[in-house]
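[1] no sequence for this one, just the structure:
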């Protein structure tokens, strides 16, 4: 009982522990309708990150001749988790407004919708992981035992993205022009995160970009694990755990503050 | 009052008032908040309140079949959403002591591309039921819906009549002690309507608490134990079904606007 209360900070059932069957059914609905029950359907959703990866490969490797070994799996190891991260935030932000039909007819805790969206995307990311590891092997990256850390980083990105998307989903109900701003913000964050480049390439006086970026260390470590086949620096995990907490607590606080009367405002 | 009604109310409203906020246009946006903040104004100043339910009190006991009547816009649906827990009261207290199946809309959350069978599970989960209960009830739901083999087809191939049959079957077979219904009795063709009314009476006989919103005085007279009439956001009558239905016809006729639905 006491151990479980950590899952419900300040009485907000952030991880929908009381609605497991509902969460399961909504995810199953999403997966069935998104992929039309086929592998091709899953590959279709990967088309966008794969195409973007090839574009960056062409621009940076072929045209600009950037000196990063195994550049293709290097970008891919950042691009797939980034697609998960940004999609979760953008879709999650609109999830409450999109679910108005349901929320105004059935009492459902509002965090269910961003939570289900984030979990659905996490399943997609997990199913796409063989493509990522395959690309690394083909490119000749040594297969490292550090790959067992991959799920840890997926979960970290999941917590950060879920917290941010829930926070934004609540704000989006009141401030409908948030979508434009978030589109731009995520684009800036993409280039401020070492995804298509290495963090060591950033000049010393701009290092603060990395240190103030909630997800930078996650992508640095993903590059280390998949792109180079090495073990990441453990201190990075501490910083990332702190960002998880900040993100989830901001969602909890906003839920506490505005959650009760939110449905009426949509 | 129904003989199997017990002494503790399962739904208890004490001086419940519900107000909504209305934003004067344009609606709030980040741009506006920033512009207003720069001008030193409070960003939320353009909010006005209006009252949808004014100081409503009543108790509903276990096993009662209560009809709620009122003209369009009187506040009936808001009342049902308050009892369901979708809205919170602005003032007053509302206590609900047993779990509720809110049938404000049949087939809430149905997805076009899923089969009827898959939608049973989705809908039951949305209504707040668990896996085991749904598995146990599914055969009875399928039988009552008269869908036969169609149950494994995507529901986009269903007619609207088939959809409401499935929606009603799910809602009426799940074991909720309290059932809230917003004008869902007149679904399907005549044959199915008879079946619906029979099912509702069965649920009543089993001792379930039923709250029904309707515009049909005959339905109230025939099925309900008790009737509450809401007019202009206030409770104006609470008593027997017969008197309540008559009171409703009376207030409906008083107004010059013709009675709609």
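    Good, I have the coordinates. Keep in mind that this is a model prediction, so the values were computed, not measured.

[2] Next up, phi/psi of residue B:90, please.
    As for residue B:90, its main-chain torsions (degrees, to the nearest 10) stand at phi -80, psi -40.

[3] low-confidence ranges in chain A?
    A:1-6, A:37, A:266 (pLDDT under 70).

[4] Would you mind naming what in it lies close to chain B?
    Within chain A, the positions adjacent to chain B are A:21-22, A:24-26, A:28-29, A:32-33, A:36, A:102-108, A:174-178, A:181, A:260-261, A:263-265 by C-beta under 8 Å from any C-beta of the partner chain. C-beta here means a position set from N, CA and C on the backbone, and glycine is covered the same way.

[5] most centrally placed residue in chain A?
    For chain A, residue A:85 is the residue whose C-alpha lies nearest the centre (C-alpha atoms, centre = their mean; 2.2 Å).

[6] can you give me the strands for the stretch 1-150 of chain B?
    B:9-23, B:47-61, B:65-70, B:91-96, B:100-103 (DSSP state E, counting those that start in this stretch).

[7] got JSON lines for those, with mean neighbour count too?
    Converted to JSON lines, those look like this (neighbours: other C-beta atoms under 10 Å in any protein chain shown):
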{"stretch": "strand B:9-23", "mean neighbour count": "17"}
{"stretch": "strand B:47-61", "mean neighbour count": "16"}
{"stretch": "strand B:65-70", "mean neighbour count": "26"}
{"stretch": "strand B:91-96", "mean neighbour count": "14"}
{"stretch": "strand B:100-103", "mean neighbour count": "24"}
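
[8] Turn those into CSV, including distance to residue B:143.
    Shown next, in CSV, are these (distance: least, C-beta to C-beta, whole Å):
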stretch, distance to residue B:143
strand B:9-23, 29
strand B:47-61, 31
strand B:65-70, 25
strand B:91-96, 31
strand B:100-103, 19
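
[9] would you list the ones you listed in JSON lines and tack on mean pLDDT?
    Output for those, formatted as JSON lines (pLDDT from 0 to 100):
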{"stretch": "strand B:9-23", "mean pLDDT": "88"}
{"stretch": "strand B:47-61", "mean pLDDT": "89"}
{"stretch": "strand B:65-70", "mean pLDDT": "92"}
{"stretch": "strand B:91-96", "mean pLDDT": "92"}
{"stretch": "strand B:100-103", "mean pLDDT": "81"}
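
[10] Out of those strands, the one nearest residue B:206 is which?
    Residue B:206 lies closest, by C-beta to C-beta, to one member of those: strand B:65-70, at 11.5 Å.

[11] roughly how far out does that closest one sit from the chain middle?
    Averaging C-alpha positions (C-alpha atoms, centre = their mean, to the nearest Å) puts strand B:65-70 11 Å from its chain's average.

[12] What pairs with that strand, parallel or antiparallel?
    Strand B:65-70 sits in its sheet next to strand B:209-213 (parallel), strand B:226-231 (parallel), going by DSSP bridges.

[13] one step back: surely the residue nearest to the centre of chain A meets residue A:161?
    Yes. The pair residue A:85 / residue A:161 is scored as a contact, 5.0 Å apart, by C-beta atoms under 8 Å.

[14] want to throw the strands paired with strand B:65-70 into JSON lines with mean pLDDT and mean neighbour count?
    Formatted as JSON lines, these follow (pLDDT from 0 to 100; neighbours: other C-beta atoms under 10 Å in any protein chain shown):
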{"stretch": "strand B:209-213", "mean pLDDT": "92", "mean neighbour count": "24"}
{"stretch": "strand B:226-231", "mean pLDDT": "93", "mean neighbour count": "24"}
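
[15] any idea where the helices of the stretch 101-250 of chain B begin and end?
    Ranges of helices in the stretch 101-250 of chain B, per DSSP state H, counting those that start in this stretch, are B:116-126, B:131-145, B:160-173, B:190-205, B:217-223, B:241-254.
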